[in-house]
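Novice: build me a model:
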Amino acid sequence: MKSLVENSKMDLVEVVQSYILKILDEAGPGMKVMLLDAETTPIVSLAFAQSALMRQEVYLFERLQPKPVYEDMRHLKCIVIARPEASIGMLCSELANPRYGSYYLNFTNLIPKSSVKQIAEADMQEVVRDIREIYTDYYPIGAHLFSVNIPKPLQPLGSRWVESSLLRSGQAIASVLLAYKMSPVIRYQEGSGPTNFLAQTVRQIIAREGGLFDAEASSDNTPVLLILDRREDPATPLLTQWTYQAMVHELIGMKNNRVSLAGVPGVAKDLQDIVLSSSQDEFYAANLYSNFGEIGQTIKILMEDFQNKAKSHQQIESIADMKNFIENYPQFKKMSGTVSKHVTLVSELSRIVSTRKLLTISEIEQELVAGGDHSTMLKQVTELVSNESTSLEDATRLVMLFMLRFESNSNSGVRSLINALRKRGGEAEARQVHNLQRFAGVNVRKGDLFKGEGGATSNITGKLFKGLKGVENVYTQHQPLLKLILEDLLRGRLRSNLFPTLGPQYDGKVTTVVVFVIGGVTYEEAYTVYQLNSTLKSQIVLGGTSILNSRAFLDQVEHAFPAQQGANTADL
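Specialist: Residues are numbered from 1 along each chain as shown. You can find the predicted model right below:
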């Protein structure tokens, strides 16, 4: 069962699309139903709009059920896309009393031989026409970004895997590697038990199924799988974001590229649940990495263009005008929907930025992570935290960033900031600050994120912050640690004692990388990967156990140290 993906371009959405288009084509003409399980439903919807699949003669979408209700629809061909882990039993129930005329079974990962035998025994009416593996066992959030949608992959205390999460993460990585037929060099983060365990898990899968992984790497470019631990960079998920995609996730929330505006006052019913997909929305694809100021200008141009088209459609005076209107109406209607969606979204972002005074807060955040001195930072953070107009959520993020930056200082001032939170009724928030220190403080991390020359961070990446010369935008001074790690890897400078290799060593040129972050990744880091791919001509895809915003990250911290453990904030 070979990979269907032969192209060299690393585009995860395109991988899923090419697999599905191929299986629909090979099923032949005729009306089809698509039978999906709980996980493959969002995987398919991330790659295709429902209307696009209907153009491929898929007219019905059904969910695999443990006890399907029988309904004779033998005129339909059934395209099954399912994960082998959870779906074999349900599929056997379906085949024992088949509703459809023929079945084309597609599994998103490696199928055990025992499962194939189960299917054969259940298929007494011989309705199965094909069984194949399509390596799509991950959520394709974007061209170079994937997730496994596990918000809390580690057990409390944050150092040991939840067993099912380890297995699922290993399967997702294996699926990406199989899609591109890679047998990579595996590197992981020294001192992180979870990264070591995941590296071992993936290596075992490759060893067990070696014939399916293409081991013939180019002599001057061996692919690398790099497994990292979120705790090494706790600052990035806490920062206010200013690019379109990252802002939406941080300020409103996004799951599987869907955004809910149901709680926003004055939003039309048809805009309360919207999809933001770069493969289905040209405007979004062109602007997902634009900053907030650029988006405002682009929206204005889009509005003007739409208004001009609307005026021309109002002037129908001849048969030719009517013909032109009818021909262009679908495009006009689509443009109308695009304008409504993005104007509504940007208006809500603007309202939140104004209400929470995020421009002021973000400027201080950036100074904190990019080199502001202790006394100035303590004064400015104290003023904002003590100000009742600063939300408790934003005040807590500021204290956390201050703690991460200055926790090693004697007389750091963190305790006074904690007390300022308490005075505002933030007892739970005070405990969160302490828990973050336990989860990802300087004693947990291998390096110090905020030191440059001669600091501990130079042991990991050389230097994280290279000064502020030439920085035009005070809101984008921060560089994720991931950027420096990847730059060192691509240039052959990543130190083997800090990022050891599992298996044979390799010191040659690297341009193809699969990165996986245990604890989740951010859209800011996805933007970093996009920039590296563009400027260094590398092929990097980024994956994680989840896609983080600050709330999701702090939920992990809370999970690691539940309230009943009684954190003692006096230790700070």
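Novice: CA atoms for contacts and neighbours, from now on please.
Specialist: Will do.
Novice: against Val224, how distant is Leu36?
Specialist: To Val224, Leu36 is 32 Å away according to CA to CA, to the nearest Å.
Novice: do the same with Ser93
Specialist: When distance is defined by CA to CA, Ser93 is 41 Å away from Val224.
Novice: how many neighbours does Ile23 have?
Specialist: Residues lying near Ile23 (other CA atoms under 10 Å) number 18.
Novice: helix/strand/coil for it?
Specialist: Of the three states, Ile23 takes helix under DSSP: H, G, I helix; E, B strand; the rest coil.
Novice: let me see the contact set for it.
Specialist: Under the criterion of CA atoms under 8 Å, 6 or more residues apart in numbering, the contact list for Ile23 is empty.
Novice: still on that earlier bit, which of Ser93 and Val224 has more residues huddled nearby?
Specialist: Neighbour count, other CA under 10 Å: between Ser93 and Val224, Val224 has more, with 23 against 18.
Novice: how about the strands in this protein?
Specialist: Counting by DSSP state E, the chain has these strands, from start to end: 32-36, 58-63, 73-82, 100-107, 128-133, 139-142, 145-147, 185-188, 224-229, 258-260, 273-275, 501-502, 512-518, 539-544.
Novice: dump those strands to JSON lines, plus mean pLDDT and distance to Phe450.
Specialist: Written out in JSON lines, the entries for the strands of the chain read as follows (pLDDT from 0 to 100; distance: least, CA to CA, whole Å):
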{"stretch": "strand 32-36", "mean pLDDT": "96", "distance to Phe450": "47"}
{"stretch": "strand 58-63", "mean pLDDT": "94", "distance to Phe450": "49"}
{"stretch": "strand 73-82", "mean pLDDT": "95", "distance to Phe450": "45"}
{"stretch": "strand 100-107", "mean pLDDT": "96", "distance to Phe450": "45"}
{"stretch": "strand 128-133", "mean pLDDT": "96", "distance to Phe450": "46"}
{"stretch": "strand 139-142", "mean pLDDT": "97", "distance to Phe450": "30"}
{"stretch": "strand 145-147", "mean pLDDT": "98", "distance to Phe450": "27"}
{"stretch": "strand 185-188", "mean pLDDT": "95", "distance to Phe450": "22"}
{"stretch": "strand 224-229", "mean pLDDT": "97", "distance to Phe450": "18"}
{"stretch": "strand 258-260", "mean pLDDT": "95", "distance to Phe450": "34"}
{"stretch": "strand 273-275", "mean pLDDT": "93", "distance to Phe450": "37"}
{"stretch": "strand 501-502", "mean pLDDT": "92", "distance to Phe450": "27"}
{"stretch": "strand 512-518", "mean pLDDT": "97", "distance to Phe450": "20"}
{"stretch": "strand 539-544", "mean pLDDT": "97", "distance to Phe450": "24"}
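Novice: pick the most buried one from these.
Specialist: For these, average neighbour numbers computed from mean count of other CA atoms under 10 Å are highest in strand 145-147, which has a mean of 27.
Novice: contact partners of that one?
Specialist: For strand 145-147, contacts defined as CA under 8 Å, 6+ apart pick out 12, 138-141, 526, 541-547.
Novice: which one of these sits closest to Gln245?
Specialist: When the contacts of strand 145-147 are compared for distance to Gln245, the smallest value, 10.1 Å, is given by Ala526; criterion: CA to CA.
Novice: how many residues are close by the closest one?
Specialist: Neighbours around Ala526, by other CA under 10 Å: 25.
Novice: cool, Pro265 as well?
Specialist: By the criterion of other CA under 10 Å, Pro265 has 8 neighbours.
Novice: try the one 3 residues further on
Specialist: Burial of Ala268 is recorded as 13 neighbouring residues (other CA under 10 Å).
Novice: pull the contacting residues for the nearest residue to Pro562 once chain neighbours are set aside.
Specialist: If you skip the residues right next to it in sequence, Pro562 has Pro156 as its closest partner in space, 7.6 Å away by CA to CA, 6 or more residues apart in numbering. Residues counted as contacts of Pro156 (CA under 8 Å, 6+ apart) are His559, Ala560, Phe561, Pro562.
Novice: with adjacent residues omitted, what lies nearest to the first one?
Specialist: Pointing back at His559 there. Nearest residue to His559 in three dimensions, chain neighbours excluded: Pro156, at 5.9 Å (CA to CA, 6+ apart).
Novice: now do the one you found, the pLDDT please.
Specialist: Looking at Pro156, its pLDDT is 92.
Novice: can you check Gln314 too?
Specialist: Per-residue confidence at Gln314 stands at 54 (pLDDT).
Novice: go on, Ala570?
Specialist: On pLDDT, Ala570 comes in at 49.
Novice: which residues does stretch 368-381 contact?
Specialist: 235, 364, 367, 398-399, 401-402, 405-406, 413, 450, 465, 467-468, 477-478.
Novice: between the contacts of strand 145-147, which sits nearest Ala179?
Specialist: Within the contacts of strand 145-147, the smallest distance to Ala179 is 9.1 Å, found for Leu12 (CA to CA).
Novice: can you report how many residues lie near that closest one?
Specialist: Residue neighbour count, defined by other CA under 10 Å, stands at 24 for Leu12.
Novice: what sits against the closest residue to it other than its chain neighbours?
Specialist: Of all residues not flanking Leu12 in the chain, Ala143 sits nearest, at 4.9 Å (CA to CA, 6+ apart). When contacts are counted by CA under 8 Å, 6+ apart, Ala143 touches Met10, Asp11, Leu12, Val13, Glu14.
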